[in-house]
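Asker: following is a predicted model, sequence given first.
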Amino acid sequence: TGSSRPQRILKAVQKNATKGDPQSVISAIDYYCRHKEWAMNVGDDKGLILDSVLTEVNPSMALELGTYCGYSSVRIARLLSPNSKLITVEFNPAFAAIARQIIAYAGLQDKVTIVEGASGDLIPKMKERFGLKSFDFVFLDHWKDRYVPDTKLLEDCGLLRKGTVLLADNVICPGAPEYLKYVRNNPRYESRYYPSVLEYTKAEDGLEKSVFLG
Ligand SMILES: O=C(NCCNC(=O)c1cc(-c2ccc(F)cc2)cc(O)c1O)c1cc(O)ncn1
Ligand SMILES: [Mg+2]
């Protein structure tokens with residue numbers, strides 16, 4: 001049996017990036033996925049918006065739902081201040097295994113904790129498991145029909161605080177229409193849409209930034 005797409009992405013990182021250099025890991029993945037084979041990383045266009053929101057929020061505790069190969073984990077962790085942490089949740093063990101290696105190649109393993117399992121099962125256990133009060137930043141990039149139930153779960157588990165920033169990928173493509181309805185019609189959120197393109201394509205996509213108002 002042949003290699004998987006995530007395995008080929010890891011190979012491209014090991015071949016073309018410099019160990020311990022997160023930017024070179026990001027560039028190697030973007031080059032491979034733009035010129036060799038498409039993959040569902042947030043990518044370089046939407047990645048610049050992610051970078052700017054992250055720099056503005058400067059989170060101490062960040063959560064990512066949907067790790068895949070760890071591309072956005074590297075984008076997020078490279079911008080975190082010392083002692084700040086990223087917890088990233090991945091359902092698919094094969095994805096998690098590759099992501100662990102890509103995050104380590106970037107030298108960011110001390111800032112990132114990968115948790116394997118279903119977000120709906122893991123979110124209620126986060127406070128006790130990680131001794132955290134709440135998240136300052138959440139990046140939603142997993143199954144699009146989990147965005148609403150997991151956002152409600154984060155609220156109900158007291159994992160959001162006044163000012164927590166949620167940033168959701170793919171709200172246009174593949175689309176998260178229920179999520180847009182939920183955050184845009186909800187007095188507890190202040191939302192803004194950042195138009196962009198689907199990673200490595202010219203198709204329309206974008207990020208929705210929603211501030212939890214408590
Ligand atoms: O989280 C899991 N998959 C990735 C979710 N992310 C996406 O589905 C996703 C899809 C696309 C996309 C866009 C256009 C197109 F034509 C095909 C795919 C883009 C993106 O940027 C994504 O983020 C997952 C997997 C699994 O096997 N088990 C549990 N969870
Ligand atoms: Mg995505």
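Answerer: That came in fine, so what should we check first? Ligands and ions are numbered 1, 2, ... in the order given.
Asker: report the contact partners of residue 133.
Answerer: Under the criterion of CB atoms under 8 Å, 6 or more residues apart in numbering, the contact partners of residue 133 comprise 127, 161. (C-beta placed from N, C-alpha, C; glycine too.)
Asker: show me where the chain has strands.
Answerer: 61-65, 85-90, 112-116, 135-140, 160-168, 189-197, 204-212 (DSSP state E).
Asker: so for residue 6, which of those strands sits nearest?
Answerer: Comparing those by their distance to residue 6 (CB to CB), the top pick is strand 85-90, with 10.8 Å.
Asker: circling back: just put the strands of the chain in a markdown table and tack on mean pLDDT.
Answerer: A markdown table is the format used below for the strands of the chain (pLDDT from 0 to 100):
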| stretch | mean pLDDT |
| --- | --- |
| strand 61-65 | 99 |
| strand 85-90 | 99 |
| strand 112-116 | 98 |
| strand 135-140 | 99 |
| strand 160-168 | 99 |
| strand 189-197 | 99 |
| strand 204-212 | 99 |
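Asker: and the ones you listed, which is most packed in?
Answerer: Burial among the strands of the chain, expressed as mean neighbours by mean count of other CB atoms under 10 Å, is greatest for strand 61-65, which shows a mean of 26.
Asker: could you find the closest non-adjacent residue to residue 190?
Answerer: residue 211 (4.6 Å; CB to CB, 6 or more residues apart in numbering).
Asker: can you give me the separation between residue 205 and residue 174?
Answerer: Distance, residue 205 to residue 174, using CB to CB, to the nearest Å: 9 Å.
Asker: go on, residue 164?
Answerer: Residue 164 is 25 Å from residue 174, by CB to CB.
Asker: just give the closest residue to whichever residue of the chain sits closest to ligand 2, not the sequence neighbours.
Answerer: Residue of the chain nearest ligand 2, by CB to the ion: residue 169 (3.7 Å). Closest residue in space to residue 169, ignoring its immediate chain neighbours: residue 141 at 4.3 Å, by CB to CB, 6+ apart.
Asker: does the one you found touch residue 64 like I think?
Answerer: Yes: proximity of residue 141 to residue 64 meets the contact threshold set by CB atoms under 8 Å, at 6.7 Å.
Asker: can you report how many residues lie near the closest residue to residue 3 other than its chain neighbours?
Answerer: Once flanking residues are discounted, residue 3 sits nearest to residue 11: 7.4 Å by CB to CB, 6+ apart. When counting by other CB atoms under 10 Å, one arrives at 12 neighbours for residue 11.
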